[in-house]
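Visitor: My questions concern the predicted model and sequence given below.
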Amino acid sequence: MLAFRHGNDFLNPLLFFVMTTSLVPLAISPAPTQLAIIAPGMIWITALLATLLALDGMFKDDFADGSLFQIILSPQPLWLLVLAKVSAHWLITGLPITLMAPLLGMMLALPQDGYLPLIIGLATGTACFSLIGAVGAALTVSLSKGGVLLSLIVMPLYFPVLIFGASAVQRGVEGLDYLPVLALLGAFFTFALLTGPFAAAAALKVGVNG
Amino acid sequence: MVSSPLFELQDITFERDDQALFEGLSVNLCGGEILQVSGPNGCGKTTLLHILANLKSPSQGQILWRGETTRGNPSYLAEQAFIGHQPGVKLALSARENLSWYTQLYDSDTQLSIDQALDKVGLKTRKDLPCSTYSAGQLRRVALASLHLRDATLWLLDEPLTALDSEGINELEALFSAHLSDGGMIIFSSHQTLSLAQVGNLALADYSVSVQC
């Protein structure tokens, strides 16, 4: 359980997140008033795409080198192993993104009241992305070019998280109460946590069977 | 027949795209028996081993372990060891780390330590180097070392001889016969013939073969 570690996948999503977000002021406008309007949405979109970037490899590497079979056949409950995989995925994507987000918020002139909902929202939101994504990654594990299909499967499920996540930040910026929106996000997370690992474990068995 | 068979295949059929890959396969295997699955490329050797390992489900038929179905049977999972065509070794980790991951995954508590298992497969000096520096044969040896770390009864090995040198094959034969004399069972696929005397053969090319023990 301990050695679920990878070195090289770590930088890719974070680098993507930082780069695309820092391109926004260059491409659109460096004016703080204009940036502040799009900042919440922009950060959330790039965070979503960055997690998607590392999703494809969640089970695929294990499938390619044969260790996925060992994982499925082991007497440990599969959902627990999937949960470990998902946590590892979140630790290399969601967590660094969440930690980096305030810095990028500053770059995009995000008003001060937006930071707290941004961080809390991203922490739960990216965890949702990892959990939901695991189901899609498990389903497409045996397909050699499953990347496009994977995006199609998980994207619709990502939308609510994106909508509520970005609107929490927006409400924070406008001085409105953002807690109800964050609570909804938390509810999504709880639901994903309770169902995601089981769904992904079942999907893995189907995915390998195919 | 002295003992009743531990492992029974009953009428296993597997269809892919409406075409039977193999049909009506029935095999009984008792403790101490070894079965080689042979046949031309693409005849379904790997598929059969996946079915036996419970990774795929057959289109028809059932597999019994100690008289009970293997589907969702935890005691079957605990007693079988499967090594696939890919050795299942993480290239970024060393051999020792790979095996420690393996033992934790399987909660195995055999008398042999990881170091001893690696010594046995002839990887004494390279234990702590990352597996990306290993040759294909050495990766295979890491995978085979995992057999030492579990006391599984049934070994399901897909092409275990691939990339092994003649010395490695000899060592594997010795390992096989030790396992068999302990009452273990081995089902493996290979194109090569082992010099072990008691190897039963299951040729997949001709349909509906039946092997009795």
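Guide: Arrived safely. Residues are numbered from 1 along each chain as shown, chains lettered A, B, ... in the order given.

Visitor: Close to chain A: what parts of chain B are there?
Guide: For chain B, the contact set with chain A under C-beta under 8 Å from any C-beta of the partner chain comprises B:53-57, B:74, B:77-78, B:80, B:82-93, B:97-98, B:100-102, B:104-107. Using the backbone N, CA and C atoms, a C-beta is placed for each residue, glycine as well.

Visitor: For chain A, which residue gets nearest to chain B?
Guide: A:G66 (3.0 Å; C-beta to the nearest C-beta).

Visitor: Show the pLDDT at that residue.
Guide: Looking at A:G66, its pLDDT is 76.

Visitor: sec struct for the residue in chain B that chain A sits nearest to, please.
Guide: Nearest residue of chain B to chain A, counting by C-beta to the nearest C-beta: B:Q86, 3.0 Å away. Here B:Q86 is recorded as coil under DSSP: H, G, I helix; E, B strand; the rest coil.

Visitor: OK, contacts around it?
Guide: Neighbouring residues of B:Q86 by C-beta atoms under 8 Å, 6 or more residues apart in numbering or on different chains: A:64-66.

Visitor: Of all the residues in the helix ranked longest in chain B, which ones are buried?
Guide: Longest helix of chain B, by residue count under DSSP state H: helix B:166-181. By 16 or more other C-beta atoms under 10 Å in any protein chain shown, the buried positions in helix B:166-181 come out as B:168-169, B:171-172, B:175-177, B:179-180.

Visitor: next one: stretch B:106-119
Guide: For stretch B:106-119, the neighbour count (16+ other C-beta under 10 Å) marks B:106, B:108, B:112, B:114, B:117-119 as buried.

Visitor: Out of these, which one has the lowest pLDDT?
Guide: Within the buried residues of stretch B:106-119, B:S108 has the lowest pLDDT, namely 66.

Visitor: Does A:W90 lie in a helix or a strand, and which?
Guide: A:W90 belongs to helix A:78-92 when elements are defined using DSSP states H and E.

Visitor: between the helix or strand just after that helix and helix A:78-92, what angle do the directions make?
Guide: Sequence order places helix A:94-107 as the next helix or strand after helix A:78-92, per DSSP H and E. Angle of helix A:94-107 versus helix A:78-92, following axes from the mean of the first three to the mean of the last three C-alpha atoms, to 10 degrees, is 30 degrees.

Visitor: Now find how far off-centre helix A:94-107 is within its chain.
Guide: 13 Å (C-alpha atoms, centre = their mean, to the nearest Å).

Visitor: could you dump that helix to CSV, C-alpha only?
Guide: These are the backbone C-alpha positions of helix A:94-107, laid out as CSV (Å, rounded to 0.1, in the frame of the first residue of the first chain):
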residue,chain,number,x,y,z
GLY,A,94,-5.3,18.3,-6.5
LEU,A,95,-3.1,19.2,-3.5
PRO,A,96,-0.3,21.1,-5.4
ILE,A,97,-3.0,22.8,-7.4
THR,A,98,-4.8,23.9,-4.3
LEU,A,99,-1.6,25.1,-2.8
MET,A,100,-0.6,27.0,-5.9
ALA,A,101,-4.0,28.5,-6.5
PRO,A,102,-3.7,31.6,-4.2
LEU,A,103,-0.5,32.6,-5.9
LEU,A,104,-2.2,32.4,-9.3
GLY,A,105,-5.2,34.2,-7.8
MET,A,106,-2.9,37.1,-6.9
MET,A,107,-1.5,37.1,-10.4
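
Visitor: Tell me the spacing between B:P130 and A:L110.
Guide: Per C-beta to C-beta, to the nearest Å, B:P130 is found 42 Å from A:L110.

Visitor: again, but for A:L14
Guide: Distance of A:L14 to A:L110, given as C-beta to C-beta: 19 Å.

Visitor: Between these two, which has more neighbouring residues?
Guide: For A:L14 and A:L110, the more surrounded residue by other C-beta atoms under 10 Å in any protein chain shown is A:L110, and the numbers stand at 25 against 19.

Visitor: ok, back up a step: just how off-centre is the longest helix of chain B within its chain?
Guide: Distance, stretch centre to chain centre, for helix B:166-181: 13 Å (C-alpha atoms, centre = their mean).

Visitor: What is the linear distance spanned by stretch B:121-129 between its boundary residues?
Guide: Chord length of stretch B:121-129, first to last residue, is 16 Å (C-alpha to C-alpha, to the nearest Å).

Visitor: How about stretch A:167-178?
Guide: 8 Å.

Visitor: May I see the buried residues of it?
Guide: In stretch A:167-178, counting by 16+ other C-beta under 10 Å, buried: A:167-173, A:178.

Visitor: now stretch A:56-64
Guide: For stretch A:56-64, using 16+ other C-beta under 10 Å, the buried residues are A:56-63.

Visitor: need the buried residues of helix B:166-181 in JSON lines with distance to A:A183 and pLDDT, can you?
Guide: Shown next, in JSON lines, are those (distance: C-beta to C-beta, whole Å; pLDDT from 0 to 100):
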{"residue": "B:G168", "distance to A:A183": "60", "pLDDT": "80"}
{"residue": "B:I169", "distance to A:A183": "63", "pLDDT": "83"}
{"residue": "B:E171", "distance to A:A183": "62", "pLDDT": "82"}
{"residue": "B:L172", "distance to A:A183": "59", "pLDDT": "82"}
{"residue": "B:L175", "distance to A:A183": "59", "pLDDT": "82"}
{"residue": "B:F176", "distance to A:A183": "60", "pLDDT": "82"}
{"residue": "B:S177", "distance to A:A183": "65", "pLDDT": "82"}
{"residue": "B:H179", "distance to A:A183": "58", "pLDDT": "82"}
{"residue": "B:L180", "distance to A:A183": "62", "pLDDT": "81"}
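
Visitor: pLDDT weak spots in chain B?
Guide: Low-confidence segments of chain B, defined by pLDDT under 70, span residues B:1-4, B:108-111, B:195-213.

Visitor: quick one: the strands in chain B?
Guide: Counting by DSSP state E, chain B has strands at residues B:7-16, B:19-29, B:34-38, B:60-65, B:68-69, B:80-83, B:154-158, B:185-189, B:199-203, B:210-211.

Visitor: Using CSV, lay out those strands together with mean neighbour count and distance to A:Q70.
Guide: Formatted as CSV, these follow (neighbours: other C-beta atoms under 10 Å in any protein chain shown; distance: least, C-beta to C-beta, whole Å):
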stretch, mean neighbour count, distance to A:Q70
strand B:7-16, 18, 20
strand B:19-29, 18, 23
strand B:34-38, 21, 20
strand B:60-65, 18, 19
strand B:68-69, 12, 22
strand B:80-83, 23, 8
strand B:154-158, 23, 12
strand B:185-189, 24, 17
strand B:199-203, 16, 24
strand B:210-211, 14, 28
